[in-house]
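Asker: sequence and predicted structure below; questions after.
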Amino acid sequence: MADGQDKKIDAATGTELKGHEWDGIAELDTPLPRWWLWTFYATILFAIGYVIAYPAIPMLHDYTRGALGWSSRGALDRELADREAQVAPLRRAIAATAITDLPARPQLMQAAVEGGRAAFKVHCVQCHGSGAAGAKGYPNLNDDDWLWGGDLATIEQTITDGVRNPNHDATRMSIMPAFGRDQLLTAAQVNDVVAHVRVISRQDKASAAAQRGATLFADNCAVCHGPAGKGNRALGAPNLTDGIWLYGGDAQTIHETVWNSRQGVMPRWDDKLDKATIRMLAAYVHSLGGGEAAVAEAGNGAQP
Amino acid sequence: MLMPAGSGDLYEKRKGVYPKAIDGFYRRLKWAIMAVTLAIYWGTPWIRWDRGPYAPDQAVLVDLAHRRFYMFAIEIWPHEFYYVAGLLIMAGIGLFLVTSAVGRAWCGYACPQTVWTDLFQHVERFIDGDRNAQIKLAKAPWSVAKLTRRLAKWSLWLAIAFATGGAWIFYFADAPTLQSAFWTGHAAPVAYATVAVLTATTFLLGGFLREQVCIYMCPWPRIQTAMLDEKSLVVTYKDWRGEQRGSVKKAQANPDLFGDCIDCNQCVAVCPTGIDIREGPQVGCITCALCIDACDRVMEQVGRPRGLIDYCTQEDAEAEKQGAAPRPVLKTLLRPRTLAYAAVWTSIGAAMLFALGARTRIDIAAQQDRNPIFVRLSDGAIRNAYMVKVRNMEARPRPVTVGVEGLPGAMLWTDAGTREQAAPTVTATVPADSVAKLRLFIAAPAQGSARQDFAFTVRATDREGGGDHEPARFERP
Ligand code: SF4
Ligand code: SF4
């Protein structure tokens, strides 16, 4: 405070000087304007009001709750409930529309794809990857190769019932014998079959082993994979002549497959997800670029 | 709680400013500028501009919901925001230009704070009378008469403030529609909130804070003092001519002793920021030149030459002090600094006009899917996926063809179709004034480099035609 002793008055303005000086420049002790002071008091009042109205002070085990009863957690709950209520009609509409009718309603279809994208991130990425590109043993859902069919209805059924689900009658079930392990074929015969598969998938040139394998294939494999090895979607038997392999197309992997067979599984989702979510997932998977159009084509993979 | 006002107080009490009415050249200039700026502010949203059936017909509109900015024939999209940035830069450089040439002319004539304060002061004079009456009334104890006057003044201020806040929202929605919605209580809550806030701030800033905004709150005077130099025109009291001050009588008795200033204090009385220009250039002066008008009148009355207070550069002031003849004002305006600012200002403007004229109205952008980057298809071909955005900046739907260039054997389809429908090009209709998002799949033979550059092309297939292309990359395992 001004003690009047060492304070000097600036001659030009008549204002007191602060008392310190730098290179001949001194600071005026100009008072703050009144409105500033009032603004300052107002901010203090505001802060007090805020502390009373809102949760503010942390205590040992709890915190002050605020007179308004507001909390960010409560606000979030309310927002989530609002959001849920908002999308409820959409979900109802999707559940009520047969999946084959979805494409005719582009807006609903788009909503389904978007909803499916979100649901996929929660339920499916663990196996199929965040981009649905799969991994060894987990199908890539972006490509156009389908074990069971790639039209909307078939995809929906695959998601609904899963693959190889115990105690579920409708589940997808493909049964490939373990030709080597169960001694259905000898070791040499398995090698011959592998050689033949390498030839029909255009990875190796014809050979004597492949020749022998062709006969073995016709007797043992054609029943499921078709005489030309083009697969059969009704049985979930893969096309062996295309460029896509679930486990790998090199000789060693094919050998392993023929010797021990493969028994991939996928959960049935109808006991965890509601109809609308499954439908949305199917729409999303179909939209990834490999979706097929014609429903009638389902199961016609058995080409002569 | 408060310390009593006084010399020992840490806080200064505002001294009332009661500017006196004055007439003169600069006052009339101020009137004219006030009329023009207020007319622009209140009138602009009501100007109509026909843009066809797909776009709003308001000449100036900031359409936040659809993220468009309309200004007469110009329509700005969010991605073209650099035009707005350019305008802001031009405004900034324009301010530099004006300041270096004529000092705080913006403050004195065109700043909203000045314009509205001025308007409020006229209302005040209309209700309370001129300076002396105002001072008397301020000092008078509260009475019914005083209260009536105050209430009348405040309600008029409030009405103006409300009209001010109200006009602002019309820039953000169709004005006639919003107007009726507003009065019937159907406008968006944010509209009412905006009007309330702007009404309150206008009332407070224009009615009560006034010159304190210019002196304490506004950052611009601090910058301006740095922008000014000794060649800038500022309002100057020519002390070498005016001092020693003295009344007409004293001067007549002692012509050698006294200067031209008769110490009538008129220049102080008219000053809207309440300063005494005779103390020299100071931060409180907004160069409104009302003191020039006041002093010129006095000089005329006492038969002395005008211009005791005048627009004058510091350099000229020095020269005049040494006895040089006053320089014409126009000559002071042209100098390297102002010319440089003007050159930068015009080149930015010209560049923007050029860009505006050359911009395409149809535009394509593509982003490649990264997860997965590529997919092998059953026939061995490789597929990449892209999010392609085709932007139609016309106010009507346009049919377009999207294709690729430099990717032999490529076949395209969208996620609405399947590979059986793949073709070398994809057609779509882009709705008016919007962006069509196409998720495009491209299948190309597996042979080829791991990273192949190509381009997406878009072509409008209607009469106007036009198109764009966008480089992209196709990747293989
Ligand atoms: S001193 Fe003169 S120019 Fe400056 S603000 Fe006051 S009246 Fe205006
Ligand atoms: S108006 Fe002119 S004459 Fe009167 S006090 Fe001001 S400078 Fe002096």
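Answerer: The structure has been received and is ready for your questions. Ligands and ions are numbered 1, 2, ... in the order given.
Asker: correct me if wrong, but A:T253 is in a strand.
Answerer: No. Counting by DSSP: H, G, I helix; E, B strand; the rest coil, one finds A:T253 to be helix, located in no strand.
Asker: separation between it and A:D145?
Answerer: Distance, A:T253 to A:D145, using CB to CB, to the nearest Å: 16 Å. In this view, the C-beta of every residue, glycine as well, is placed from N, C-alpha and C.
Asker: and those two? which has more neighbours close in?
Answerer: Ranked by neighbour count (other CB atoms under 10 Å in any protein chain shown), A:T253 and A:D145 place A:D145 first, with 21 against 15.
Asker: give the helix, strand or coil label for the more buried one.
Answerer: The assignment at A:D145 comes out as coil when based on three-state DSSP.
Asker: show me the contacts for it.
Answerer: Residues in contact with A:D145 (CB atoms under 8 Å, 6 or more residues apart in numbering or on different chains) are A:P238, A:N239, A:D242, A:I244, A:G290, B:L377, B:S378.
Asker: now do 6 Å
Answerer: Shown in contact with A:D145 (CB atoms under 6 Å, 6 or more residues apart in numbering or on different chains): A:D242, A:I244, B:S378.
Asker: check B:P431 too.
Answerer: The contact partners of B:P431, by CB under 6 Å, 6+ apart, come to B:P397.
Asker: if we go to 8 Å?
Answerer: Counting by CB under 8 Å, 6+ apart, B:P431 makes contact with B:N392, B:P397.
Asker: backbone dihedrals for it, both of them.
Answerer: Backbone dihedrals for B:P431, given as degrees, to the nearest 10, come out at phi -60, psi 160.
Asker: can you give me the distance of it to ligand 1?
Answerer: Between B:P431 and ligand 1 the computed distance is 55 Å (CB to the nearest ligand atom, to the nearest Å).
Asker: against ligand 2, how distant is that residue?
Answerer: Distance from B:P431 to ligand 2, by CB to the nearest ligand atom: 66 Å.
Asker: one more: B:I362?
Answerer: Separation of B:I362 from ligand 2 (CB to the nearest ligand atom) stands at 65 Å.
Asker: okay but that residue is in contact with B:R398, surely?
Answerer: Yes. Contact criterion CB atoms under 8 Å: B:I362 and B:R398 qualify, at 6.7 Å.
Asker: pull up the overlap in contacts between these two.
Answerer: Contacts common to B:I362 and B:R398, judged by CB under 8 Å, 6+ apart, are B:N392, B:V430, B:A460.
Asker: need the worst-confidence member of these.
Answerer: On pLDDT alone, B:N392 ranks lowest of these, at 89.
Asker: contacts only, for that residue.
Answerer: So B:N392 contacts B:R361, B:I362, B:R398, B:V400, B:V430, B:P431, B:A432, B:D433, B:S434, B:V435, B:A436 (CB under 8 Å, 6+ apart).
Asker: next secondary structure after the helix or strand hosting B:A191?
Answerer: Using DSSP states H and E, B:A191 sits in helix B:189-204. For helix B:189-204, the following helix or strand on the C-terminal side (DSSP H and E) is helix B:211-212.
Asker: helices of the stretch 51-200 of chain B, start to end?
Answerer: Remark: helices assigned in the stretch 51-200 of chain B by DSSP state H, counting those that start in this stretch are B:82-102, B:105, B:112-128, B:131-139, B:144-169, B:175-183, B:189-204.
Asker: what's the answer for the stretch 51-200 of chain A, then?
Answerer: When assigned using DSSP H, counting those that start in this stretch, the helices of the stretch 51-200 of chain A occupy the ranges A:72-96, A:106-123, A:125-128, A:152-161, A:187-200.
Asker: mind checking which of the ones you listed is nearest ligand 2?
Answerer: Of all the helices of the stretch 51-200 of chain A, helix A:72-96 sits nearest to ligand 2, with 61.5 Å by CB to the nearest ligand atom.
Asker: if you count neighbours, what's buried in that closest one?
Answerer: In terms of neighbour count (16 or more other CB atoms under 10 Å in any protein chain shown), helix A:72-96 has its buried residues at A:L90, A:R91, A:I94.
Asker: of those, which is the nearest to ligand 1?
Answerer: Checking those against ligand 1 by CB to the nearest ligand atom gives A:L90 as the nearest, at 63.0 Å.
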